[in-house]
Structure formats: C-alpha cells, structure tokens
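S.K.: quick one, what's the 3D model for this:
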Amino acid sequence: MNSPTRHSPPTVFLVDDETAVRTAISRLFRSAGIAVAAFASATEFLTSYDPAVPGCLLLDVAMPGLDGLGLQQALSGRGSPLPIIFLSGHADVPISVEAMKSGAVDFLTKPVLEEALLAAVRTAFERDRVARLARAETDDILACLATLTPREREVMEHVVAGQLNKQIAGDLGTAEQTIKIHRARVMEKMKVQSVAELVRLADLARLAAPPRV
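M.R.: Okay, the predicted model is just below:
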C-alpha cells in the first residue's frame, strides 16, 4: 500500500482563470500552513493532476474553455473522488444546485470570507481523508480475496451465510474435516479472527465489486 504520495500533505488544487484571485487565495492558504497548487485553466489542471495526492479542488465556475461544472463532470467520468468546492462571482442557484447534486462539498460566492473558505477546505480535506482510508481498506480486502482458491471462496460464501461446517460439507459433498481446514485457511488469508469480521469484509467486497450486466 506504500506509494510516494501516500503521506503527502493535503493540497488545495486551485483552478481560476483570474490571476489576482489565484494570487490572493494562494497567499491565504500558505499563511494558514496549507499547501496549494494554482492553475489558470481546467485543462492545465487535468494535465498535471495526480489522483494519488490527497486534498481538494477549489474551482471557479465560469472559465473560458472547460468550465467548473465541465471539469467536475470530467473528473467524475475518470472516477476521481477529489472533493470539490466551487467559487462563483455571483449567487447562481441553479448552478449551485447542480454542483451540489453532483457531489460538491460547498458552493461559495466571491468575494468569499477567509474563515468560510478555510472551514470549507478543512471539511473537504476530512472528507478526502476518510474516503481514502475506506478505499485503502477495500483494496486490502480485495487483495486478500484474490489469494483464496476457488474452493476457499465457496467455503467463505457458505460461512458468511451462517452455515455450520457440517452443513457446508453436505452442500459441497465433502468431509467436515476438510471444510474445517478450508475455513481455517480462509480466516488466515482474510486476516480475521471471527465470522462477524469475515461477514463485514465480504459485505465491503460486494459493495466494491462492479455491477453485473
């Protein structure tokens, strides 16, 4: 699970076509001890963005070329979980509703109060941190599942369904002692001590699995 960016500090990725806005907001974050990377356009951001770096996106709504909502959609299409805070030069209710429905953390109007902006960023950072921990746990679960043999996967499905070793042996047409061995290996490979833990991991794995078509 180690990567060069895993322990990087969270960064505010600021995308705004106005130089003065980028300068002022970047200065604010740096004075608050928050890392910031500023971009003049959505395209510039997409070219250099590394999804492995934690943080959030502070995004202007109205920009030439790809606008804020367009960038939000582009990131969603890539499966990017980066939390987004929108900035707008005026209060546009329909746009703000669309942005929030698409998962934005907040929608702020310029000129934004410093404390409101810092609070929104801290909220976005926390959302990103929790989401990354959840994804890391899911990745670990899937990696453990990949080590199971087909028979061990079968046994695991029966175990999480609440069946006893004797019942599983009857269903699979094998000896109860064989099921005990498979069961022990499943518990070891999945790194759990109880059936309750195994059930939780199995549920998380199902949620992470792509939908069947």
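S.K.: tell me where the model's unsure across the protein.
M.R.: The model of the chain has pLDDT under 70 over residues 1-7, 90-103, 207-213.
S.K.: please enumerate the helices of it.
M.R.: For the chain, the helices defined by DSSP state H cover 19-31, 42-48, 68-77, 93-101, 114-145, 150-160, 165-172, 176-189, 195-208.
S.K.: got the end-to-end distance for stretch 159-171?
M.R.: 12 Å (C-alpha to C-alpha, to the nearest Å).
S.K.: next up, phi/psi of the residue lying farthest from the centre of the chain, please.
M.R.: Largest separation from the mean C-alpha position in the chain: residue 175, at 43.0 Å (C-alpha atoms, centre = their mean). Note on residue 175: its backbone torsions stand at phi -80, psi 150 [degrees, to the nearest 10].
S.K.: ok, back up a step: can you lay out the helices of the chain as JSON lines showing mean neighbour count and distance to residue 11?
M.R.: All C-beta atoms are positioned from the backbone trio N, CA, C, and that covers glycine. Shown next, in JSON lines, are the helices of the chain (neighbours: other C-beta atoms under 10 Å; distance: least, C-beta to C-beta, whole Å):
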{"stretch": "helix 19-31", "mean neighbour count": "15", "distance to residue 11": "9"}
{"stretch": "helix 42-48", "mean neighbour count": "15", "distance to residue 11": "12"}
{"stretch": "helix 68-77", "mean neighbour count": "17", "distance to residue 11": "15"}
{"stretch": "helix 93-101", "mean neighbour count": "14", "distance to residue 11": "21"}
{"stretch": "helix 114-145", "mean neighbour count": "15", "distance to residue 11": "9"}
{"stretch": "helix 150-160", "mean neighbour count": "17", "distance to residue 11": "40"}
{"stretch": "helix 165-172", "mean neighbour count": "16", "distance to residue 11": "49"}
{"stretch": "helix 176-189", "mean neighbour count": "16", "distance to residue 11": "37"}
{"stretch": "helix 195-208", "mean neighbour count": "14", "distance to residue 11": "26"}
